[in-house]
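Chemist: After the sequence you'll find the predicted model.
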Amino acid sequence: MRCRRCKADAIIDLRRHNAAFCRDCFVHHCHEQVRRAIHDYEMIEPGARVLVAVSGGKDSLALWHILRELGYEADGLYLGLGIGTYSDESGDFARAFAQRFDLTLHEIDLPADLGFDIPEGARTVRRSPCGVCGLSKRHLFNQAASTHGYDIVATGHNLDDEAAVLFGNTLRWDDEYLARQFPVLPATDGFVRKVKPLVRVGEREMAAYCVVLGIDYILEECPMAVGNRHLAYKELLNSLEERSPGAKAAFLFNFLDRAHERFADAAVVDKDDLLRCTICGSPTPGEVCAFCRLQARACAAPDSVPVTLRGAAS
Ligand code: AMP
Ligand code: FES
Ligand code: ZN
């Protein structure tokens, strides 16, 4: 197997691209895919301050590395979700990466700073841990970015993640979610821009990127996510991809290029009508935002964690 670019011995075969690459050309390929996504979807303008949400996993650490390599000013944000040893270890990987490359990492620890953890929050409000976790992440990413003056939040969602989410949204023809599924969500009053620069690279490519560059990341998946629908959709798409390489990318990019705008009218919330949460100041359709309501209920639960540093973000 020869590298498509330089003809040296290849280390990885990417069937979707009908190409193999040597180490250096593979790293170059990953950078180019991210550069192209940023350009095509107008994600980050030169000089913008980017906050990368880093989970300690391969995608977000690779993303942070690539953005710095491409010359962007990008700091990190790690949320300690209080999911047992999984959270302790993922935080260690995020911190070790920041230390190794001398980067700024902001941290918010849900149990210590906000008085509850994800398993407890989910129990209290009787929702799935992933639902409560998603709500908390969206809120805290936005709040931390606004507080610290970042223009953009970047997450490590990759092609496999986005195709799996699209698959679920399409199975249900959920037009509201389909309207919101795009690699860039523009800033509106009170919300910073959100971008997914890894939309053109797959999970396997990001794992290989970390391995060839010696970036250590947490291998374990979140224990709360085991058996969720999203993972089942990924498995289905992987078996399809096995039989027809490129099917996953075609599914996602044909939607983004040709079908997404047909759902635009289904985006329900009129951002101009939003009020400000009376507790945290975030935009919300009601008086108190969904996150502050969750926090209030979880902290009122009998076995909640005492708050030491309410709402702090370093
Ligand atoms: P997930 O929802 O776990 O698939 O993660 C999607 C993206 O959200 C990751 O690539 C990160 O950018 C971000 N993320 C997930 N967990 C955390 C965390 N604990 N702290 C900061 N960012 C996170
Ligand atoms: Fe959020 Fe697992 S990372 S529930
Ligand atoms: Zn609030």
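Modeler: That came through fine. Ligands and ions are numbered 1, 2, ... in the order given.
Chemist: what's the burial count for residue 81?
Modeler: 27 (other C-beta atoms under 10 Å). Where you see a C-beta, it was placed from the backbone N, CA and C, and this is true even at glycine.
Chemist: I figured it was touching residue 120, is that so?
Modeler: No - the criterion here is C-beta atoms under 8 Å, and residue 81 misses it with residue 120 at 10.8 Å.
Chemist: where do the strands sit along the protein?
Modeler: With DSSP state E as the criterion, the chain has strands at 12-14, 19-21, 49-53, 73-80, 105-109, 152-154, 184-185, 193-195, 275-276, 283-284.
Chemist: any idea how far residue 123 is from ligand 1?
Modeler: From residue 123 across to ligand 1, the span is 19 Å (C-beta to the nearest ligand atom, to the nearest Å).
Chemist: Can you name the residues that contact the nearest residue to that residue once chain neighbours are set aside?
Modeler: Closest residue in space to residue 123, ignoring its immediate chain neighbours: residue 301 at 7.6 Å, by C-beta to C-beta, 6 or more residues apart in numbering. Applying C-beta atoms under 8 Å, 6 or more residues apart in numbering to residue 301 gives the contacts 116, 120, 123-124.
Chemist: And the pLDDT for the closest residue to residue 110 other than its chain neighbours?
Modeler: Spatial nearest neighbour of residue 110, excluding adjacent residues (C-beta to C-beta, 6+ apart): residue 82 at 5.0 Å. Looking at residue 82, its pLDDT stands at 96.
Chemist: Then residue 65?
Modeler: 98.
Chemist: mind checking how far it is from residue 171?
Modeler: Here the distance between residue 65 and residue 171 works out to 34 Å (C-beta to C-beta, to the nearest Å).
Chemist: Neighbour count for those two, which is higher?
Modeler: Neighbour totals were compared for residue 65 and residue 171, and residue 65 leads with 22 against 10 (other C-beta under 10 Å).
Chemist: Spatially, which residue comes closest to the more buried one, not counting chain neighbours?
Modeler: Spatial nearest neighbour of residue 65, chain neighbours left out: residue 215 (6.4 Å); criterion: C-beta to C-beta, 6+ apart.
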